[in-house]
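J.: Model the structure of this input:
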Amino acid sequence: MGPDQAGRLQAQYARRASPIGLTVEELDFEHFPAKNGFPGIPVKAWIRFLNCAELVDGEVYAWTAKAAEVTWNDGPVTYRTWVWSSAVTRREEMMTRNLGERVTRDSSSSE
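T.: So this is what the prediction gives:
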């Protein structure tokens, strides 16, 4: 790795020093209590940082009706932060979904 590449990598990590999660007010645990599960649910989640966002592979061990706490690794460091549930997708759903897939309806079955 050359000095230019090392400098760019260092700048990238400096921008992403800490994730920006939801506030206690946004989470509102009084009205939306957290549920816990084990083992963790494998997810892809959008995590916000000061100057960027990144789609990470993580796991969810806690959630509410509107948010999920995502745990993920970035090199040797493990992070955990709360994000809106719309920022999270189960990994197996992403792997089995075909964006060009069409739904075909059987004409013999009418409801």
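J.: CA only for contacts and neighbour counts going forward, please
T.: Noted.
J.: Let me know the secondary structure of the residue positioned nearest the centre of the chain.
T.: Residue closest to the average C-alpha location in the chain (C-alpha atoms, centre = their mean): A45, at 1.6 Å. Secondary structure for A45, judged by DSSP: H, G, I helix; E, B strand; the rest coil, is strand.
J.: I'd say it and A87 touch.
T.: Yes. Counting by C-alpha atoms under 8 Å, A45 touches A87, with 5.5 Å between them.
J.: Dihedrals phi and psi, V24?
T.: As for V24, its main-chain torsions (degrees, to the nearest 10) stand at phi -60, psi -40.
J.: ok, it to P42 distance?
T.: For V24, the distance to P42 (C-alpha to C-alpha, to the nearest Å) stands at 24 Å.
J.: ok, back up a step: what pLDDT does the model give the residue nearest to the residue nearest to the centre of the chain when sequence neighbours are not counted?
T.: Closest residue to A45 apart from its sequence neighbours, by C-alpha to C-alpha, 6 or more residues apart in numbering: V88 at 4.4 Å. In this model, V88 is scored at 97, pLDDT.
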